[in-house]
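Participant: show me the folded form of this:
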Amino acid sequence: MNPFLYAALSITSFCAVALLAAPVLLRPSQQAKRILEIVKSTRPDERTIGRKERIQEKVLVVARTFRSHIGLSEDQKLRQRFISAGLRGRESADVYFMARFLFVATGILCGSFVTQSPLFWCFACAVVGYMLPDFWLGAAVKRRQKRIQKSIPDAIDLMVICVDAGLGLDQALLRVGQELAISHPDFNEELMQINLEQRAGKPRLEAWQSMADRTRLPEIASLVNMLNQTDRFGTPIIRALSRFAEEIRTGRRLRAEEAAAKTKIKILFPLVLFIFPCIFIVLLGPAILSIAKSLSALK
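Facilitator: Residues are numbered from 1 along each chain as shown. Next up is the predicted model:
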């Protein structure tokens, strides 16, 4: 028989088997189905888009186009920093790279106006402009970490109360997030993220570890380790949470005492530079004036 016929039959058989097996092999997983059920919405979009949103969308389109033409890519480390700063949108990287380009161009333009050594000043201003978005992103991460750090003691106390009242750990997390939505929105966002990940099928400890990776705080890392040990050794969760809440309160008190002790040193500089000269002027000014009058009278 012709070998081409064998090849055609083989290819036809393979395609038929692939078409029959495709619905089974390519069907979405249970985790993907849960995510789709959570994020999909059947309500029509009836909101009105304002002028501010239209301008923001145009700016994002320009930034996205610029990034695609330049070929700048977002690495995992930069994405992790965006998440730690609370910037979860996909447009964050576009705005970041666009800001870097604009600041570099502005720095070169400002350096060109310097008459002496314009090349040096253009290079220096360009480097400063290139680093400014990175400094801003680092400051945003630190500000969010401080806000979350301040909210941890209150959240742990509420969690202890909820668990002691009979709620499970997952229900206690959801309740604590609802209570802290106004006073501590950053920590509420993290707790809601944990809840969504668990509803999507992610194990509890992995969801907590993801929050520790996002926040990069030692208190959250200690809480995750405590929950891991509690789950592994079967320790009562209320006892572990109570002890951890006590340690958190002790750490907060020690940080407050440290900050109070530092103020004694920090206040010396405004005292010497601003307060003492005013006191000297008030106390010695009349005496200096009277001495000057006496000396002028002697002449």
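
Participant: domain assignment for the chain?
Facilitator: Domain segmentation of the chain under automatic domain parsing yields 54-142, 145-259.

Participant: and these, which is most packed in?
Facilitator: When the domains of the chain are scored by mean count of other C-beta atoms under 10 Å, the highest mean neighbour count falls to domain 145-259 (a mean of 16). Yep, even glycine has a C-beta here, placed from its N, CA and C like the rest.

Participant: that one - what's its average pLDDT?
Facilitator: Mean pLDDT, computed over domain 145-259, is 84.

Participant: and the next element down the chain from the biggest helix by length in the chain?
Facilitator: Counting residues, the longest helix found in the chain (DSSP state H) is helix 118-164. Remark: after helix 118-164, the chain's next helix or strand is helix 169-179, criterion DSSP states H and E.

Participant: got the angle for that next one vs helix 118-164?
Facilitator: 120 degrees (axes from the mean of the first three to the mean of the last three C-alpha atoms, to 10 degrees).

Participant: for Ile38, find the nearest of the domains of the chain.
Facilitator: Proximity to Ile38 (C-beta to C-beta) singles out domain 145-259 among the domains of the chain, at 6.2 Å.

Participant: ok, back up a step: can you redo the domains of the chain as TSV with distance to Ser294?
Facilitator: Formatted as TSV, the domains of the chain follow (distance: least, C-beta to C-beta, whole Å):
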stretch	distance to Ser294
domain 54-142	53
domain 145-259	51
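
Participant: mind checking which of the ones you listed is nearest Ser13?
Facilitator: Nearest to Ser13 among the domains of the chain is domain 145-259; the distance by C-beta to C-beta comes to 37.0 Å.

Participant: report the distance from the closest one to the chain centre.
Facilitator: 17 Å (C-alpha atoms, centre = their mean, to the nearest Å).

Participant: over to stretch 144-164?
Facilitator: Mean-position distance between stretch 144-164 and its chain equals 18 Å (C-alpha atoms, centre = their mean).

Participant: touching that stretch from outside, list them.
Facilitator: For stretch 144-164, contacts defined as C-beta atoms under 8 Å, 6 or more residues apart in numbering pick out 84-86, 169, 171-173, 175-176, 179-180, 183-184, 186-187, 190-191, 215-217, 219-220, 223, 237-238, 241-242, 244-245, 248-249, 252.

Participant: same question for stretch 118-132.
Facilitator: Defining contact as C-beta under 8 Å, 6+ apart, one finds that stretch 118-132 is touched by 99-100, 103-108, 110-112, 114.

Participant: please apply the same query to stretch 213-224.
Facilitator: By C-beta under 8 Å, 6+ apart, stretch 213-224 touches 80, 83-84, 145, 148-149, 152, 156, 190, 193, 205, 208-209, 211-212, 244, 247-248, 251.
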